[in-house]
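Colleague: Mind folding the following:
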Amino acid sequence: MVLFAALALGGLPAQAAPDGRPLKLVAFGDSLSAGYRLPAAAAFPAVLERELRKRGRQVSVANAGVSGDTTTGGLERLEWSVPDGTDGVILELGANDMLRGTDPSVSAKALDTIIRRLKERGIPVLLAGMRAARNLGPDYVNRFDAIYPDLAAKYGLVLYPFFLEGIVGDPVYNLDDGLHPNSKGVETIVAGILPTVEAFIDRLKR
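Modeller: The predicted model follows:
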C-alpha cells in the first residue's frame, strides 16, 4: 500500500534503495534470530520485516540464523550466508559462546573478523550485543560484556547493547527451555530493537 501510494505521487518510497528495490538486510545469527521452535512467520527476521514495512520502510530481512551457531561457526559460513547485494547485516552472535564458556578473546576475534570482512565488502553492520550470565563470575562477565561496545567503538557501528533486553528469565516471553524466546518474546525483542534498526537504515548508503 505504501509503495502504491508513493508511486501515485510520482516518486519512490523514501526508504527504498536507489533503484526502487527494497533494501536487503540479513539477520546473521544463531537460534535467537533463526526462530528456534517457532513458525517461520514468528521468527525475528520475519517479525522485524513486518514491523518495518508497517512504518513505510521498504525493507526485506533475510533469515541467516543457524541454531547452535557460535561466533567461530558464523565466521566459517559468512561468505555464503551474506550474499553480494546485501545492504546491511544485523549481526547477532555470541550467546552460544557464552553458554559454552568460550574464552571471550576467541569470540571477540571471530566477531572482529566477521565485521572486518563485511566492511571490506562494503556491507554495513548493526551489532546486536549479548551479555554473559552472571553466574559465570565477574572476570568472565566483564570480559565478555565488553566485546560488543568495544567492537562498536572500533568500527563505528550502530550498537543495540543487548538483544534479549526485556525477556531474560521471564517465562511469559520464553519457551519452556528458559533460553529461547517464544512468539511473544520475539515481538518484545523486535519492539526494543526497532528504533535502532531504523537508525541503522537511515545510515545506509542510498
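Colleague: Could you list the buried residues of the helix or strand Ala191 falls within?
Modeller: Assigned by DSSP states H and E, Ala191 belongs to helix 183-203. Residues 183, 185-190, 192-194, 196-198, 200-201 are the ones in helix 183-203 that count as buried (16 or more other CB atoms under 10 Å). Bear in mind the C-beta positions are built from the backbone N, C-alpha and C, glycine included.
Colleague: One more: stretch 60-79?
Modeller: 61-66, 69-75, 78.
Colleague: quick one: average pLDDT of that stretch?
Modeller: Mean pLDDT, stretch 60-79: 98.
Colleague: gap between the two ends of stretch 167-176?
Modeller: Stretch 167-176 has an end-to-end distance of 13 Å (CA to CA, to the nearest Å).
Colleague: returning to what we had before: mind putting the buried residues of stretch 60-79 into a markdown table with distance to Gly137?
Modeller: Below are these laid out as a markdown table (distance: CB to CB, whole Å):
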| residue | distance to Gly137 |
| --- | --- |
| Val61 | 36 |
| Ala62 | 37 |
| Asn63 | 34 |
| Ala64 | 32 |
| Gly65 | 29 |
| Val66 | 28 |
| Asp69 | 25 |
| Thr70 | 20 |
| Thr71 | 20 |
| Thr72 | 22 |
| Gly73 | 25 |
| Gly74 | 25 |
| Leu75 | 26 |
| Leu78 | 31 |
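Colleague: Nearest to Gly94, out of these: which one, please.
Modeller: Nearest to Gly94 out of those is Thr71 (CB to CB; 5.7 Å).
Colleague: Would you agree the closest one is in contact with Asp103?
Modeller: No. If you go by CB atoms under 8 Å, Thr71 and Asp103 don't touch, sitting 11.2 Å apart.
Colleague: what pairs with the residue positioned nearest the centre of the chain across the strands?
Modeller: Ranked by distance to the mean C-alpha position of the chain (CA atoms, centre = their mean), the top residue is Ile90 at 3.3 Å. Taking DSSP bridges as the rule, Ile90 bridges to Ala27, Leu126.
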